[in-house]
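>>> Please find the sequence and the predicted model below.
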Amino acid sequence: MAEIEAAAGLAPDACRRLGALGVGIVEDAEQLAQRLQLSNAEAERLLSMSNAWWRISPTDEQAKRALLYRIGEQHFRDRVSLAWSRAGVEVSDDDWLRALQLPERWNRPTFHLKAADFIARGLAPGPQLGRALAAAEDAWVAADFPVDQATLAAIADAAARTAH
């Protein structure tokens with residue numbers, strides 16, 4: 001992990017290094033956090049590192065953007081670093097380095113659909129509206145964050161229909 005941090009130009013990070021040494025699954029993160037009496041923020045980072053790090057592909061740009069959108073920059077860097085450290089490749093691997101540098105070249109977009117968009121489609125405030133918003137956001141992420149109004153309207157229409 002220390003070599004990966006150096007290769008990527010990241011500052012040395014004790015929490016990330018602890019994760020590399022002792023976190024494979026959620027239970028590992030929970031036990032470390034408890035035994036070492038880590039702060040809530042440190043425990044959260046370890047828990048994030050334990051979550052599906054093995055599924056990260058250094059070459060799947062859309063999946064990496066979706067992950068970065070969902071978990072934020074710090075957790076993204078932690079999880080990608082962990083995956084890289086366990087991938088059995090050299091620290092000079094360009095694909096992993098590019099994956100780790102995604103936050104530097106891609107800005108997290110803002111989801112433009114709001115509750116009012118679904119109320120205008122006939123949904124009343126409440127759980128149904130929340131489900132429609134969540135479904136629309138999931139569809140928007142799966143579609144790789146489109147910004148054109150026609151696509152957003154189609155996503156909102158489909159989510160509103162399924163929420164009824």
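On my side now, so go ahead. Numbers count the residues shown, from 1 in each chain.
>>> hey, which helix is longest across this structure?
helix 61-85 (DSSP state H).
>>> where do the helices sit along the protein?
So, for the chain - with DSSP H - the helices run 2-8, 14-22, 26-35, 40-50, 61-85, 94-100, 102-105, 115-119, 127-142, 149-163.
>>> Check the gap between the nearest residue to residue 64 once chain neighbours are set aside and residue 162 for me.
Distances taken as C-beta to C-beta, 6 or more residues apart in numbering place residue 102 nearest to residue 64, at 5.4 Å, with adjacent residues excluded. All C-beta atoms are positioned from the backbone trio N, CA, C, and that covers glycine. According to C-beta to C-beta, to the nearest Å, residue 102 and residue 162 sit 31 Å apart.
>>> Give me the more crowded residue out of those two.
More crowded of residue 102 and residue 162, by other C-beta atoms under 10 Å: residue 102, with 18 against 12.
>>> mind checking pLDDT for that one?
Residue 102 carries a pLDDT value of 97.
>>> can you list the domain ranges for the chain.
2-105, 115-163 (automatic domain parsing).
>>> Look up phi and psi at residue 9.
Dihedral pair for residue 9: phi 70, psi 30, per degrees, to the nearest 10.
>>> for the chain, which residue is closest to the average position?
Taking C-alpha atoms, centre = their mean, the centroid of the chain lies closest to residue 67, which sits 2.8 Å from it.
>>> With adjacent residues omitted, what lies nearest to it?
Leaving aside its sequence neighbours, residue 67 sits nearest to residue 76 (C-beta to C-beta, 6+ apart; 6.1 Å).
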